[in-house]
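Q: Output the structure for:
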Amino acid sequence: MLIDHWPFIGLQLTTDRLELRVPSDEELAEVAMVAAEGVHEPDERPYLTPWTDLPPPERIVHVMKQHWSRRGDWSAHAWALELAVFHEHRPIGMVALRGRDFAILREVKTESWLGRKHHGNGLGTEARTALLHLAFDGLGAGAALSDVFQDNPASQGVSRKLGYQHDGISQDVLDGRAVTSDRLRLTRETWDERTHLTVMMTGLSPCLPLFGVIPSRPA
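A: Sure thing, here's the model as predicted:
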């Protein structure tokens, strides 16, 4: 069976309102169609890679190709887990957890987007919390990192709410102009000090070796 060789399809994170899991190809197409309808206001540019500027049909293909590419490029030394976010059994967006030499560095980076009509009701914070639960409580991460444009108040707000602290800045070029991002860091200590919503996690144990994690207890 596929799950015996690719156990991520059995991994699931559940909160009061959301379910996060690897989508089937049919569900991936539905997630991509959510992206085609827009994930931010037209005058915003929240991503260094301007994939949301693509015409809707090309945006659909981009989302699907990126998901397949990340699955195909997976190794214990460099991985990116993409999970579709479902609300009331319908896909509303995508989150990703990335690690590089995780067994040594114990650090992860997060990415996320939700369809524009699902903004403003706390679902983004809930999805990020579930992803961080996987990182800290499931994989034993020491820190979670995020790079956010300084003029992206929504993402900045989610990060601050969850306890991320300023950890420097970085500069890049977007459309021929310099843009500045805040580097944000959430440590394991800060995560453990805070009260979080309840997240149910199933199917993690068989995935641990693929993350570069040596199983020490049932998860």
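Q: can we go C-alpha only for contacts and neighbour counts from here?
A: Will do.
Q: ok, which stretches of this protein are strands?
A: For the chain, applying DSSP state E gives strands covering 12-14, 18-21, 78-87, 90-100, 107-114, 143-149, 165-174, 177-187, 200-202.
Q: Rebuild those as TSV, extending it with mean pLDDT.
A: As requested, those are exported to TSV (pLDDT from 0 to 100):
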stretch	mean pLDDT
strand 12-14	98
strand 18-21	98
strand 78-87	98
strand 90-100	97
strand 107-114	95
strand 143-149	91
strand 165-174	87
strand 177-187	89
strand 200-202	98
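Q: if we compare the ones you listed, which one ends up closest to residue 213?
A: strand 90-100 (11.4 Å; C-alpha to C-alpha).
Q: export the closest one as CSV, just CAs?
A: What follows is strand 90-100, C-alpha atoms only, in CSV (Å, rounded to 0.1, in the frame of the first residue of the first chain):
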residue,chain,number,x,y,z
ARG,A,90,-13.5,22.1,2.2
PRO,A,91,-9.9,23.1,1.3
ILE,A,92,-9.2,26.8,2.2
GLY,A,93,-5.4,27.0,1.8
MET,A,94,-2.0,25.4,2.3
VAL,A,95,0.7,25.4,5.0
ALA,A,96,4.3,24.2,4.8
LEU,A,97,6.9,23.1,7.3
ARG,A,98,10.5,23.2,6.0
GLY,A,99,13.7,21.8,7.6
ARG,A,100,17.3,21.7,6.6
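Q: Next, the angle strand 78-87 makes with that strand.
A: On the basis of axes from the mean of the first three to the mean of the last three C-alpha atoms, to 10 degrees, strand 90-100 is oriented at 160 degrees to strand 78-87.
Q: dump the residue contacts of residue 39.
A: 52, 113, 114, 115, 116 (C-alpha atoms under 8 Å, 6 or more residues apart in numbering).
Q: Contacts for the longest helix along the chain, please.
A: Ranked by residue count, the top helix of the chain under DSSP state H comes out as helix 56-72. Contacts to helix 56-72, defined as C-alpha under 8 Å, 6+ apart, come from residues 28-29, 32-33, 35-37, 51-52, 79-82.
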